[in-house]
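Engineer: what shape does this take:
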Amino acid sequence: MTVRRLSLDAVETMLDWAAAERWNPGLDDAAAFHAADPDGFFVKEVAGRPVAAVCVVNHTPDFAFLGLYIAAPQARGQGHGLEVWTAALEHAGSRCVGLDGVPQQQANYRKSGFVLAGKTVRYQGSLPHISGSDARLSSPEDLPDLCVLDRMACGFDRRRFAEAWLQNTATRQTVLLPDGKGFATFRLCRSGVKIGPFLAHDAASADALLNAIPFGFPGGEVYIDVPDSAAPLTARLRIMGFTPVFETARMYRPAAPDVPRRDFYATATLELG
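Structural biologist: Just a heads-up that it's a prediction; the model follows:
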């Protein structure tokens, strides 16, 4: 039995596990996830077979985020998850650690020192592309400005993740508004399209971004993960016919950091914050 760090190829397998649990990861998540912290992905193996995994990505010297905590169905209830959990938190060291976990696991997370700070709600709906929006597809030259906007959105400088996540690929594209009024990343997932991160200056900017789903993405379901603090964005989504499909508990240890409160903000990914 051993706990070891995961290679990029193994992170792909980890996301396949997540897909089997209907977590609906993106089609091209692994490389950007791994780039954020190549040493932050852990797996427990028994007789050479993976049985549990987790990631804790050290975004900055002061902040880390925990996600993709998962065990193989046949290996649950045997303590394997606790071993990778312990290794991952040791990797975080003295950093503040955040997570988005299912509410039913709050009691277990509290045992490791996590405290509840709020909730994140996933909304589901559909978005037609409307021509005439002020939003445009980003270019490589926009990346420095996008990283600044991402820091404004989430409250910390996760540059390694942002530089990978905000580069356009065949399955993940970012649009932005002029004059720094906002940006949004759309990515194809195993089912539908997810939006995140999302940051808008006001309601009009939020509508412009939501209506700028890039060409080339098929019609169908769209998902967006909204903190409960972003009530104005929630209100806009409900007007557009979006409905909540599930929620997670946002928790931190030892305590929630001082992050900006944004009215029109959605998280990039529940796995990395």
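Engineer: local confidence estimate at residue 1?
Structural biologist: Listed pLDDT for residue 1 reads 53.
Engineer: kindly report the same for residue 199.
Structural biologist: Looking at residue 199, its pLDDT stands at 97.
Engineer: pretty sure it sits in a helix.
Structural biologist: No. Counting by DSSP: H, G, I helix; E, B strand; the rest coil, residue 199 is not found in a helix; it is strand.
Engineer: nearest spatial neighbour of it, chain-adjacent residues omitted?
Structural biologist: Closest residue to residue 199 apart from its sequence neighbours, by C-beta to C-beta, 6 or more residues apart in numbering: residue 153 at 4.0 Å. Quick note: C-beta positions are derived from backbone N, CA and C, even for glycine.
Engineer: for that neighbour, helix, strand, or coil?
Structural biologist: Secondary structure state of residue 153, per three-state DSSP, is helix.
Engineer: how much space separates it from residue 47?
Structural biologist: The gap separating residue 153 from residue 47 is 44 Å, by C-beta to C-beta, to the nearest Å.
Engineer: of these two, which one has the most company?
Structural biologist: The neighbour comparison of residue 153 against residue 47 (other C-beta atoms under 10 Å) goes to residue 153, with 24 against 6.
Engineer: contacting residues for the residue nearest to residue 199?
Structural biologist: 197-199, 262, 265 (C-beta atoms under 8 Å, 6 or more residues apart in numbering).
Engineer: hey, where'd the strands end up in the stretch 1-150 of the chain?
Structural biologist: Ranges of strands in the stretch 1-150 of the chain, per DSSP state E, counting those that start in this stretch, are 2-5, 41-46, 49-58, 63-71, 96-101, 115-125, 136-137.
Engineer: show me the contact partners of the first one.
Structural biologist: The reference is to strand 2-5. Against strand 2-5 from outside (C-beta under 8 Å, 6+ apart): 38-39, 41-45, 83-84, 87.
Engineer: need the worst-confidence member of the residues you listed.
Structural biologist: Lowest pLDDT among those: residue 45, 83.
Engineer: without its sequence neighbours, what residue ends up closest to that one?
Structural biologist: Nearest one to residue 45, counting by C-beta to C-beta, 6+ apart, is residue 2 at 5.4 Å.
Engineer: would you map the helices across the protein?
Structural biologist: Secondary structure of the chain (DSSP state H): helices at 8-20, 30-36, 80-92, 106-111, 143-154, 159-165, 203-210, 231-239.
Engineer: adding distance to residue 65, write those out as a markdown table.
Structural biologist: Shown next, in a markdown table, are the helices of the chain (distance: least, C-beta to C-beta, whole Å):
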| stretch | distance to residue 65 |
| --- | --- |
| helix 8-20 | 15 |
| helix 30-36 | 9 |
| helix 80-92 | 9 |
| helix 106-111 | 13 |
| helix 143-154 | 10 |
| helix 159-165 | 9 |
| helix 203-210 | 24 |
| helix 231-239 | 21 |
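Engineer: mean pLDDT lowest where, among those helices?
Structural biologist: Within those, confidence is poorest for helix 8-20, with a mean of 86 (mean pLDDT).
Engineer: kindly export that one (C-alpha atoms) in PDB.
Structural biologist: Only the C-alpha atoms of helix 8-20 are listed here, as PDB (Å, rounded to 0.1, in the frame of the first residue of the first chain):
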ATOM      1  CA  LEU A   8      -0.600  14.300 -15.800                       C
ATOM      2  CA  ASP A   9      -1.800  11.100 -17.400                       C
ATOM      3  CA  ALA A  10      -3.000   9.800 -14.000                       C
ATOM      4  CA  VAL A  11      -4.900  13.100 -13.400                       C
ATOM      5  CA  GLU A  12      -6.900  12.200 -16.600                       C
ATOM      6  CA  THR A  13      -7.800   8.900 -14.900                       C
ATOM      7  CA  MET A  14      -8.800  10.800 -11.800                       C
ATOM      8  CA  LEU A  15     -11.200  12.900 -13.800                       C
ATOM      9  CA  ASP A  16     -12.600   9.800 -15.400                       C
ATOM     10  CA  TRP A  17     -13.500   8.600 -11.900                       C
ATOM     11  CA  ALA A  18     -15.200  12.000 -11.300                       C
ATOM     12  CA  ALA A  19     -17.200  11.600 -14.500                       C
ATOM     13  CA  ALA A  20     -18.400   8.200 -13.400                       C
END
